[in-house]
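S.K.: I would like the atomic coordinates for the input below:
(chains A and B)
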Amino acid sequence: MSASGAFPAAAGTSSSKAGAPAPAASGQSVNKRLQSELMSLMMGGDAGISAFPDGDNIFQWTGTITGGAGTVYEGLTFKLSLKFPTGYPYEAPAVTFNPPSCFHPNVDQYGNICLDILKEKWSAVYNVRTILLSIQSLLGDPNLDSPLNGHAASLWPNQADFKKALLKHKSSLPSGERRP
Amino acid sequence: MESGGEPMDTDDEDGGGGGGLRALWGGGPAPVQLRRLSEALRGLRWMPLAEASVSAMLQAHLRLSLRERCAGRFESCVMERQLDWIDASVLPWVSAALESGADQWRARDLLTAASAPLKQWRARLRFFFMQSLAGMRIAELFDILVDFPDSTPALDDLHACLHHTHQHADIVQGLGEALEKRLLKPGAETHQILEVYIGMIRALRRLDPSGLTLDAVSERVRAYLKLRPDTVKQIVTTLTDPDSSDLLEPVGGGAAAEVVQEAAADGDMAPDPDESRGDEAAMLKWEPEPVTADGASSGGAAARRAPDVLAILVQIYGSKATFVNEFRKMLSEKLLASASHDTEKEVRNLELLKKRFGDAALSACEVMLTDVAESRRISRSIQQHFGGVSGGGEGATLIDATVVSRLCWPSLPTDTFTLPAGVKKEMARFEKQFAHIKAPRKLVWKPSLGTVTLDVTFPDGSVGDVQCKPLQATILLRFGAQQRWALADLASELGIATDVVRKNLSIWLNRGFISEVRDAGGGAVFEAATSLGAGDESRHDAGEDEDGDAVASLAEEQRIAEMKVYEQYVIGMLTNLESLPVQRIHNMLKMFVPASGGDRGYDCSEQELQRFLMHMVEEAKLEHSAGQYRIAGRH
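M.R.: The predicted structure follows:
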C-alpha cells in the first residue's frame, strides 16, 4: 500500500519538475513567433491595418485598423489592444477596441468583439495579420444574428442612419481615437 | 610634505644663497656656516623644528633638478642615475646638516654606516623622487605615447616608479584629460587618432601588463572613435596595408608574446592567440591587478587580455558584426574597382581575418572572392565561345563581366542610364550565353559600375587606354556621334539628371576632350574638341576630387538604403503608438529586430537612426517636433 502509494506521488513530482522548464522554453518560442509575425506584418505592407508592441513587452500590442473602402467606416481609424497569452498561438489573443470607440453591432460598450475566430474557432494558423484583416472585414460586414450592441444592430439596415449614429458616437467620445 | 614658500626657509637654513646650496651638492666640504648653524641648532635642541623646512627645501630642489635634467627627454633611463646621484650628493648634505659627523662626509661610508634617521631620510628622498618623476612623466605621457617606441626608456622609468608609488589613478585621469585636450578634436584625422591609439595600446601594455590602465583610458578614445563614420574603414585600411601587418602580432604580454611568436615561426603562420603555450606562459606571469586603476568599469578579464591590437580596435564597436560588415563593403569596392580579378592579397587578408572572426562570420566575403574567381572563368569561357563559334562573324565579345551573388554582396548602387546601342547588344549577347551556361541564373546588369578602356582618336593624334567609368565613356561616345550637345538634351538622351551629367562630364572637360561653350540663351552647351592640343593630362586633378565626394555621398546613400528595412518598423510603430522620441524608437528596434540566422538584426547607433529619421522627415513621411517623431499629416 505504502509502496504503491509512493509511486504516483513520485510521478507527480517528477512530472511537475519536467513541466516547469516547458513554459520558459515555450515563452522563448512565443517570443520568436511574435517577432517574426511583427516582421512579416511590417514587411507585408497591408493597407489599413497595422500593429506594434506597446512598449517593452512583446506580449502586449497596439493595433490600428482603418475602415474598409465602400463601408460606413471608410476613413475612420480605430485602435485595438492585443494581449497574447503565453500559450500563443495555441490560445487566442485577447483583442478589444481600446479605447472602446467603435460603434458596431458586434462590439459592446467595453470594446469587446464578438468574432468567432477569436473565440471557439481560433486556430494556430491564424496570426496577427489575419486577426486584423478579419476585424477590418467585420466592420463592413457585421453578423447581425448575435449582436453585442442591439442599438447598432437595429440601425444597421439603414446605412445612412447608422452612419449618423456612428459619427455621433465617435465624436461623443472625449478622448476620440487619440491617446496621450 | 609639500613645498610652499620654501625658498626663503632654505636661505635661512644654510645661511648663504641658493647658489651656495647647489655648489654644495656637487660634493666637497660643508661650508663653515652650515656646520656652525647645524651645531647651534643641535645645541638648542631645535633640530626637530628645522627638519620640516629642510625636507621641504630638499623636495623643492629635487623637483627643480629633475625638471632641469629630465623633462622632455624620453630616450634614456634616468631613474637609476638620479637615484645614485641622490645617494652620492644629496644624502651627504643631509648628513652634514642634520648630524654632527663632519667625518661622515664621504658617500661611500655613509651608505654602509648610516644612522637610522639617515636611512629614513634616504627612503623618504627616494620615494619623493620617484613620485616626482612619475608625476612629471604622467604629465608628459601624451608626448611619450606619441614618441613610442622611441620613448620606451621613459616608459620603463615610469613603470619602475609606479611599482613604488601606485599612481595608476593619476595616469587614467591625467592621460584622459590630455587626450581630450590634444587628440579627440574634430580637427584630428581619424587615422592620426588611430595611430596614437595603437601607440597607446602598445605603450600602456608595457606600462601595465594587466591592461587595466589601458582599459580605463581607452574608454574615451573608443567612445570618440565610435562617433567617427570612417573609423572602421581606417582600421581595415591599416589592417590590409602590407606595411602594418604587425597589428596582428600580440602586444605587451612580454614573454608570452615571444613564446607565441616562436611557435608561429615554427609553423610559419600567423600567431594564434589562443594557443595553449602562450596562455601557459601568461599564466606563469600572472600578477594581481592593480586596484587603483578603477578598471572595473568596462570589459571583462578576457577583453583585457586581448592579445593583439586588432582585437582591441575591433572592441571599439563592441561587436564584430559591424566590423565585418565594413570589411565586406570595402572588399566589394576593392574587387569591383580592379578589373584584373587579382585577388591574391584579398584572399590573404580574408584568411587573416578568418582566424580572428571565424569562418561563419566571413562566409559572405568568401563567396565574394569566389564570385570574382568564378567571373574570370565565366568571362573567359564566354569570350572563347564567341571567339571560336562565330569566328569572324560577330567576333569575340569585349565585355568582361564580374558576376556577383546579390545576397552576399553589400547593396550596390542601382542607377541606370541609357547605354550605347553597340554596348547593349554586346551585353545582351553575353547575357544570353551566361543564361545558357549557368541556367537558371540570369544576369542583372549594374551599368554604373565597372571600368571602360577607351582609345580616343582626334584628327591630330590619339590617346590610348583611357580608363573611365561607363557613364563617362557613354557621354564621350555621344560626342563622337554629334559634335555639340546642350546639357539638358544630353541628360534626356541618357535618361539621367543634368547634375549627374555635369559631374561625369568634368573628367573630359578637365582633359580638354570637350569644352564648354554658352549658347545665345545662356544655357550650357558642350562641344567636342577638334584637336588633341596640349590639354590632356594637365588639368586632371579636379576630376579626382569630385570622385572622392561622390564616393562619400554614395556611402551615405547606401547606409540609408540599408536602413530602409527599418522604415516599415518605424512607420508601424508610430502608426500605433502616435509619437515617440528617437531613443524609444532606437530601443524598440533593438528589442524587436533581433539578429537571427543570417540576418544581422538592428545594429545601428542612435545617431545613425537619428540621421535616418531626419531623412524620412525630409521625405515628408514623418514629422518631428519637440523631440518627438510622428507620422506626417496625422493630427
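S.K.: Could you confirm residue B:485 falls within a strand?
M.R.: Yes - Residue B:485: assigned to a strand according to DSSP: H, G, I helix; E, B strand; the rest coil.
S.K.: burial of residue B:498, as a residue count?
M.R.: Neighbour count for residue B:498, taken as other Cβ atoms under 10 Å in any protein chain shown: 15. Where you see a C-beta, it was placed from the backbone N, CA and C, and this is true even at glycine.
S.K.: Please give me every residue in contact with the residue lying closest to it once chain neighbours are set aside.
M.R.: Distances taken as Cβ to Cβ, 6 or more residues apart in numbering or on different chains put residue B:491 closest to residue B:498, at 4.4 Å, once the chain neighbours are dropped. When the contact criterion is Cβ atoms under 8 Å, 6 or more residues apart in numbering or on different chains, the partners of residue B:491 are B:497-498, B:500-501.
S.K.: Swap in 7 Å and give it another go.
M.R.: Neighbouring residues of residue B:491 by Cβ atoms under 7 Å, 6 or more residues apart in numbering or on different chains: B:497-498, B:501.
S.K.: go on, residue B:411?
M.R.: So, once contact is read as Cβ under 7 Å, 6+ apart, residue B:411 ends up touching B:558, B:561-562.
S.K.: Can you flag the buried ones in those residues?
M.R.: Neighbour counting with 16 or more other Cβ atoms under 10 Å in any protein chain shown marks residue B:562 as buried within the contacts of residue B:411.
S.K.: near chain A too, which of the contacts of residue B:411?
M.R.: Applying Cβ under 7 Å from any Cβ of the partner chain, the subset of the contacts of residue B:411 adjacent to chain A is empty.
S.K.: Now for residue 48, how many residues are close by?
M.R.: I'll assume chain A. Per other Cβ under 10 Å, the neighbour tally for residue A:48 reads 15.
S.K.: that answer is for a different chain, and I need it for chain B
M.R.: 8.
S.K.: Where does it fall, secondary structure wise?
M.R.: Using DSSP states H and E, the element containing residue B:48 is helix B:47-70.
S.K.: and the residue nearest to residue B:498, that's in a strand?
M.R.: No - judged by three-state DSSP, residue B:491 forms no part of a strand; its state is helix.
S.K.: ok, back up a step: how about the contacts of residue B:491 in a markdown table, adding pLDDT?
M.R.: Below are the contacts of residue B:491 laid out as a markdown table (pLDDT from 0 to 100):
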| residue | pLDDT |
| --- | --- |
| B:497 | 79 |
| B:498 | 77 |
| B:501 | 81 |
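S.K.: Can you give me the pLDDT of the residue nearest to residue B:221 when sequence neighbours are not counted?
M.R.: In this structure, residue B:221 finds its nearest non-sequential neighbour in residue B:197, 5.2 Å apart by Cβ to Cβ, 6+ apart. For residue B:197, the pLDDT comes out at 83.
S.K.: Quick check: the gap between residue B:197 and residue B:206.
M.R.: To residue B:206, residue B:197 is 15 Å away according to Cβ to Cβ, to the nearest Å.
S.K.: Residue B:153 now?
M.R.: 11 Å.
S.K.: same deal with residue B:402?
M.R.: Using Cβ to Cβ, residue B:402 is found at 46 Å from residue B:206.
S.K.: And for residue A:79?
M.R.: For residue A:79, the distance to residue B:206 - Cβ to Cβ - is 63 Å.
S.K.: who's more crowded, the two?
M.R.: More neighbours surround residue A:79 than the other of residue A:79 and residue B:206, with 21 against 18 (other Cβ under 10 Å).
S.K.: is the helix or strand encompassing that one anywhere near chain B?
M.R.: Following DSSP H and E, one finds residue A:79 within strand A:77-83. No - judged by Cβ under 7 Å from any Cβ, strand A:77-83 stays clear of chain B, getting no closer than 7.6 Å.
S.K.: Tell me who's in contact with the residue positioned nearest the centre of chain A.
M.R.: With distances taken as Cα atoms, centre = their mean, the residue of chain A nearest its centroid is residue A:95 (2.4 Å). Contacts for residue A:95 (Cβ under 7 Å, 6+ apart) come out as A:80, A:82, A:113, A:118, A:131.
S.K.: Could you verify that it is part of a strand?
M.R.: Yes - the assignment for residue A:95 by three-state DSSP puts it in a strand.
S.K.: Tell me how far the residue lying closest to it once chain neighbours are set aside lies from chain B.
M.R.: Nearest in space to residue A:95, with sequence neighbours left out and distances taken as Cβ to Cβ, 6+ apart, is residue A:82 at 5.3 Å. Per Cβ to the nearest Cβ, to the nearest Å, residue A:82 is found 10 Å from chain B.
S.K.: Would you mark the buried spots in stretch B:478-490?
M.R.: Judged by neighbour count using 16+ other Cβ under 10 Å, the buried positions of stretch B:478-490 are B:478-479, B:485, B:487, B:489-490.
S.K.: ditto for stretch B:121-139
M.R.: Residues of stretch B:121-139 classed as buried under the neighbour-count rule (16+ other Cβ under 10 Å) are B:121-122, B:125-126, B:128-138.
S.K.: closest to chain A among the residues you listed?
M.R.: Nearest to chain A among these is residue B:138, at 44.8 Å by Cβ to the nearest Cβ.
S.K.: Over to that closest one. Which of the three states is it?
M.R.: Under the three-state scheme (three-state DSSP), residue B:138 adopts helix.
S.K.: Quick check: which element contains the nearest residue to it once chain neighbours are set aside?
M.R.: Closest residue in space to residue B:138, ignoring its immediate chain neighbours: residue B:174 at 4.8 Å, by Cβ to Cβ, 6+ apart. For residue B:174, the enclosing helix or strand under DSSP H and E is helix B:168-182.
S.K.: Which residues of chain A lie near chain B?
M.R.: A:35, A:38, A:42-43, A:45, A:50-53, A:56, A:58, A:62-64, A:178-179.
S.K.: Count the residues that sit near residue A:31.
M.R.: Using other Cβ under 10 Å, residue A:31 is surrounded by 15 other residues.
S.K.: where's it, which helix or strand?
M.R.: According to DSSP H and E, residue A:31 maps onto helix A:21-44.
S.K.: now do residue B:185
M.R.: Going by DSSP H and E, residue B:185 is not part of any helix or strand.
S.K.: Ok, the one 10 residues further on next?
M.R.: Residue B:195 is part of helix B:190-207 when elements are defined by DSSP H and E.
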